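Undergrad: no FASTA, just this:
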């Protein structure tokens, strides 16, 4: 038992009966991509609707036969506006109710290149044949997924020997801790034999920057780029430094190259906003700002929106600038510069608005952390957007509605399950290198039920195989089965969602959806507990939702922010789900198959790898209470105040 240990309880959205989750109806109908009238829909006349066509799209493989894999077929107007979207299973998709005219069809399937063609609908039952061709294996990008036995997603690639990697990690940690002199000895020793290593030159530049010798720092970064032209970290530093020196024209080539090296990262685009604004090239600044916001979501918005509003105002788009500033101030009420600009723009005045002083955009507002190597935690979900199929539109309303239905079905069908949980626990040092590893095996039981509409209850128990097995480091991880309930109707209103597009995941085509805790809602999905103290924390993340079944097949999450008041620096969770068939009830449920959890809490850096097997499903009578098995540790106790949502202390 862990009664003598410093207990760590971590749960998701619905732990115990203490979370009162209001049932929120999911808005449907708008933005679904379906039309009932207008171009491409059924044309109405005074005497009633005209005859409409039924389009049959036949999807073929390389050999001209029906494609047996799932394919997503998008029907758009000739101008590119999405009308309808359908899944082709067995090689056919049908679109009803089409008026005569020209349409564009785009077809996407796992492992195949996307195909697009324009057709003319004239008869009552036209057929369009679309042939797909397999991609070479090396061109198949499965959503850039990291973790779960793969890379941590670190942009700093190390190719040196293990001993030298340890030195590099020590150097990086010293620089991260603002202790350059501690880094100097290892740097000098490594550089003697590795002066042509691009990454080591970049690190030397970071050291020189830390001791305020900028000319030497630039020398090492330029040397790094000459040795490795695609060294992203050095390109970013050279671009940022040129902006700080008031040389936007010199910065732009570096930043453009950085954006080409890492097209899914928003940071280079954000710095280009400043570079273009300084040169009064406002249309280009606005374009780069929109790209940065698409890629970086709220993290980018926090630094981009004031500069974007300033650029729009300079262009003459006063109303749009005002709206952006209002949205920004709502999220950042202490932003005095943004508030002053908003006040100036809203004063009654004729263009060009006398008295309005547009702030000079500064790269210091975009002072990103240097790209130092890390061995212990994957990239934050906001650092970059995994690749999606270009040009395939996504109906967020449809994806959320169907994923929400699946979560409702899960709660109805699940009731209670048991599984064998295998835990591999690693305690990590400050540099991210393992200090020790422990393993545990538990018989694991979870109960999920909707005790009344909108009120979910989740209970978890673990029964250790050995009585002497206390939780490693006194820390217990709970709540992984509940994270996907972010898409349950009881939770969905607490988050902002963005559909980023159609991705190629390990299990097939999947809609890639970003989510983030809303600032105006109290977090109720995730909390940390120590003793009697409970701290609700906000999450952001990304889920991959199968395009055919709309089941969550993978989920990745981070904290919205650090919580220094409880010494919680970071947390990163990755979960992969798999279909589990339960013969007793003849149901197939998507449940966690394996997961990884990383966190930095109260001075402890921990990496945990969990896997689940031997699932068994049980029905629980409505009057029956689940009791912990013998020797089980209850990891989801009901805290006081069970009738109201938790608030952070």
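TA: In hand now; what should we look at? It should be emphasised that the depicted structure is a prediction, and the values quoted were computed from it without experimental measurement.
Undergrad: where in the chain is pLDDT low?
TA: 1-51, 137-163, 348-367, 374-375, 454, 464-469, 584, 619-649 (pLDDT under 70).
Undergrad: Relative to the whole chain's centre, how far out is the longest helix anywhere in it?
TA: Longest among the helix segments of the chain by residue count, using DSSP state H, is helix 282-315. Distance, stretch centre to chain centre, for helix 282-315: 20 Å (Cα atoms, centre = their mean, to the nearest Å).
Undergrad: Can you mark which positions in the helix or strand just after it are buried?
TA: Later in the chain than helix 282-315, the nearest helix or strand by DSSP states H and E is helix 318-331. Using 16 or more other Cβ atoms under 10 Å as the test for burial, helix 318-331 gives 318, 321-322, 324-325, 328-329. All C-beta spots, glycine's among them, are computed from the backbone N, C-alpha and C.
Undergrad: next one: stretch 401-419
TA: 401-404, 406-408, 410-411, 414-419.
Undergrad: could you pull out the strands for the stretch 351-500 of the chain?
TA: 415-428, 434-452, 455-464, 495-505 (DSSP state E, counting those that start in this stretch).
Undergrad: Which one, of those strands, ends up nearest to residue 271?
TA: With respect to residue 271, and counting by Cβ to Cβ, the nearest of those is strand 495-505 at 22.0 Å.
Undergrad: Relative to the closest one, what are the paired strands and their orientations?
TA: Partners of strand 495-505 in the sheet, by DSSP bridges, are strand 508-517 (antiparallel).
Undergrad: could you check the angle strand 508-517 makes with the first helix or strand past the strand it pairs with going along the chain?
TA: Sequence order places strand 526-530 as the next helix or strand after strand 508-517, per DSSP H and E. Put simply, strand 526-530 runs at 60 degrees to strand 508-517, going by axes from the mean of the first three to the mean of the last three Cα atoms, to 10 degrees.
Undergrad: Who are the packing partners of strand 526-530?
TA: Strand 526-530 makes packing contacts with strand 9-12, strand 533-536 when contacts are defined by 3 or more Cβ pairs under 8 Å, 6 or more residues apart in numbering; DSSP states H and E.
Undergrad: Quick check: buried residues in it?
TA: Buried residues in strand 526-530 (16+ other Cβ under 10 Å): 526-529.
Undergrad: sorry, back to before: packing partners of the longest helix of the chain?
TA: Secondary elements touching helix 282-315 (3+ Cβ pairs under 8 Å, 6+ apart): helix 267-278, helix 318-331, helix 336-346, strand 508-517.
Undergrad: Isn't residue 539 up against residue 561?
TA: No: with contact defined as Cβ atoms under 8 Å, residue 539 does not reach residue 561; the gap is 10.5 Å.
Undergrad: Settle it for me: which of these two has more neighbours?
TA: For residue 539 versus residue 561, the count of surrounding residues by other Cβ atoms under 10 Å is larger for residue 539: 23 against 12.
Undergrad: measure residue 103 to residue 88 for me?
TA: As for residue 103, its distance to residue 88 is 16 Å (criterion: Cβ to Cβ, to the nearest Å).
Undergrad: same deal with residue 497?
TA: 26 Å.
Undergrad: According to the record, where do the domains of this protein fall?
TA: 10-29+395-634, 44-135, 165-366 (automatic domain parsing).
Undergrad: Specify the stretch among those that is closest to residue 380.
TA: domain 10-29+395-634 (5.2 Å).
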